[in-house]
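Participant: Everything below, folded, please.
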Amino acid sequence: MAHLINAERRKFLDQPPPPGYIAGLGRGAVGFTTRSDIGGARNIEPGAGSVPGFGDKRKFGDDGGNGGGDDDDDDVGGRNYDEFEGDSRDGFSDPRAIYDHEDKEADDIWESVDRLMDSRRKERREKMEKEDLENLRTLNPKLQQQLVDLKQQLSQVSNDEWLNLPEAGDISRNNQRKQRETYVPVPDSVIERAKQENETVSIIQPTNPNIYGDLTSGTTTTDLTQVGMARKTVLDLKLNQVGDSISGKTCVDPKGYLTDLKSQRIASTTEISDIKKARLLFRSVTQTNPKHAPGWIASAKLEMYAGKLSVARKIIAQGCLECPDDEEVWIENANLQTPDNAKLLLAQAVKVIPHSIKIWLYAAALEKDVKMKKRVLRRALEFVPNSVKLWKEAVELEEPEDAKILLGRAVECVGDNVDLWLALANLESYDRAREVLNKARTAIPTSIEIWIAAAQLEEAVNHTENVARVIKKAIRSLSSAHAGQSGGASRVTDRERWIAEAEKCEKNGALATCQAIIFEAIAVERVRAIYTSATTHCPTASPAPWIEAHRFEVRTNNINRARATLEKASLRMPKREEILLEFVRFETRLGNKKAAATMLAIGLQDCPTSGMLWAESIAMEPRHAQKNRCVDALNKCNNDPYVLTEVARIFWMDGKHDKARTWFTRAIATFPDHGDAWAYYYAFLLRTVRTQAAIEQETKQLQIKCLEADPHHGLLWQSVSKLPGHSKLKSDQILKLVALQISQQQQQQKKQVNNQ
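Facilitator: Sure thing, here's the model as predicted:
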């Protein structure tokens, strides 16, 4: 049996394994080693006598090594010695070795050798490092160096391409899937802790025998948590109140606080709905008629009102593309841009519309530097040399010497403008100014201003004898120029014009010129003689000659003669309300309020039912006493048009528009021939009706009714209708002129009140 077993044994089992053979490696059965196979690691502590910098080995005589010298030799020749590497055991690891000065000297020598070798290779090494760094930067350049060529290409981008750059949208998370929200129930410990923090704890100390009786008597327990929260709330309120205060004084303006709140616009649901409707309407307008510029402007303003500035800019930019020849679209687009973008936009606009004065002026206004403004205006004058506005703006920026040169060119391009000629004459010397004015008279032979400027020039150099000569020559020249016009109306118009120019000369201090105009052009003595003859031959026929004579003396600044004329008129016609009213207003204009009140009281005694005087009495009363005066006037003369109109005006000034409308309607219904009531009602509608459509509708209806009534009476109405050249005007045209005069009077009264 043993023989069979030995026979069946494989021969390779008795043979040595091939080199590199590992049993089980082919089928993946790889062995592993554990700590129990190799034992624990031993921590060898350095000896007490070891030298720093030397390894600490076990002694040759230890149990772990070879004990004696023979063993040491055998060890050197055997286990620790190699033919190629030599002795692998560190001979300096012997702790018995002593580190003396020879060892230190040897170390210093080796260090000096290392430093010498390092210095010999330093230059080459640095050169190699520099070359390696350059090669690395060449292969992997910085981002700034990679974008150098792209930055250079940006200089070639045009202004149009900059303006048309699309806005970047937020596409960073469009393709990211939204994370699922997870809900985790709150642990019971958190709920219990919150409950404990908010609950009230009361501790009873039985030191007082009466405490139990007090507790059972129905007393409440104080919640200290609620007290603390309330105290915190009060402190927060106090801190917020003094948060922006200095030394205890609040910075909030109590007077302007409500005004600031009123100025804050809060979009309500109705406003949002209106904006949406208007947006649809304007979109329809721009789509159906894209060449209609006001539609684009209105649409952009709507978006601006809604707070969508970017949308407004896109809309108005599209409007510029659709309506490139409309200057208002470009200006509105510039209004919506920043100053720098507006400059670029207007630079593009002047290329499309080079003859638009508004665009050039707007572009000049955007420039902060005076030199740039001058450059823009001079560039504009190259395209529009006949624009007076551009010349005036350019001249205002220049120094006197440069302004002379510019004005010399201006009068060549725009020779029919009086202001440019006069500005040039003011900058020149006396002799040169005379030459300029002579050229101006040749270019504009019908200009009164040039003749008066020549007279003022003579007065400025004390040539007073030449002033009257210049005015006489001016009268002859202008009379021949106006010879083709109708005689009477032309003479009256010229007389009024000369009087106005004389008043201007008096205000400017040119008294000699003013006197020459009055005596040479108007012939004061001759006019006064005519009025004297009229009042002498017809002293009681009509108050009109007396009133005109009085007003003539006022215009010539002869106050004593004017007052004497009214006194004579009141003696000849003692109970004429027109003369009494003129006397009251004359004293009021001079500031003699007591004399005016006395004269008004005398007038009301002589004419107790005069509506003119009662209306003037209401107007002269203080604001708080006007209503009582209205009641007295209505009791004395209830159906007088002047009183009804004045009552309506008082309600208008007090802001009671419904009552004012009622009284105006009553006045024009009761006295349709009284033109002042129609004019006051027309001015009232223009100032109080809110929407433009309602204003047009109501004023048009009032004009139609006024044409049907055809009024002819009223102090203001007659003063306008009897002016030269107004005889052929219709009632609706006179209505507008009188309403304009009423509005101007109200504005002057407001200015006087504010100045007081």
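Participant: just how off-centre is stretch 439-449 within its chain?
Facilitator: How far stretch 439-449 lies from its chain's middle: 44 Å, per C-alpha atoms, centre = their mean, to the nearest Å.
Participant: buried ones in that stretch?
Facilitator: Neighbour-count burial for stretch 439-449 flags Lys439, Ala440, Arg441, Ala443, Ser447, Ile448 (criterion: 16 or more other C-beta atoms under 10 Å). Just so you know, the C-beta spots here come from the backbone N, C-alpha and C atoms, and that holds for glycine as well.
Participant: Just the CA trace of stretch 312-320, in CSV.
Facilitator: Included here for stretch 312-320 are C-alpha records, laid out as CSV according to Å, rounded to 0.1, in the frame of the first residue of the first chain:
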residue,chain,number,x,y,z
ALA,A,312,-39.0,101.8,-21.8
ARG,A,313,-35.5,102.0,-23.3
LYS,A,314,-36.2,99.0,-25.6
ILE,A,315,-39.4,100.5,-26.8
ILE,A,316,-38.0,104.0,-27.5
ALA,A,317,-35.0,102.4,-29.2
GLN,A,318,-37.4,100.5,-31.5
GLY,A,319,-39.1,103.9,-32.0
CYS,A,320,-35.8,105.4,-33.2
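Participant: who's in contact with it?
Facilitator: Contacts to stretch 312-320, defined as C-beta atoms under 8 Å, 6 or more residues apart in numbering, come from residues 163, 286, 293, 295-297, 299-301, 303-304, 329-330, 332-333, 336-337, 349.
Participant: repeat that for 6 Å
Facilitator: Outside stretch 312-320, the residues within contact range by C-beta atoms under 6 Å, 6 or more residues apart in numbering are Trp296, Ser299, Ala300, Glu303, Met304, Val329, Glu332, Asn333, Leu336.
Participant: nearest to Lys392, of the buried residues of stretch 439-449?
Facilitator: In terms of C-beta to C-beta, no member of those lies closer to Lys392 than Ala440, at 16.4 Å.
Participant: how close does that closest one sit to Ala454?
Facilitator: Going from Ala440 to Ala454 by C-beta to C-beta, to the nearest Å gives 9 Å.
Participant: do the same with Asp419
Facilitator: Separation of Asp419 from Ala454 (C-beta to C-beta): 16 Å.
Participant: neighbour count winner among these two?
Facilitator: Ala454 (24 against 13; other C-beta atoms under 10 Å).
Participant: Using neighbour counts, pick out the buried residues of whichever helix or strand Gln744 is part of.
Facilitator: Using DSSP states H and E, Gln744 falls within helix 731-755. Neighbour-count burial for helix 731-755, with 16+ other C-beta under 10 Å as criterion, is recorded at Ser731, Asp732, Ile734, Leu735, Lys736, Leu737, Val738, Ala739, Ile742.
Participant: Quick check, Glu332 in contact with Ser299.
Facilitator: No: counting by C-beta atoms under 6 Å, Glu332 stays clear of Ser299, with 10.4 Å between them.
Participant: What ranges does this protein have for its strands?
Facilitator: For the chain, the strands defined by DSSP state E occupy 81-82, 86-87, 245-246, 249-250.
Participant: Could you identify which of those has the lowest mean pLDDT?
Facilitator: Of all those, strand 245-246 carries the lowest average pLDDT, namely a mean of 44.
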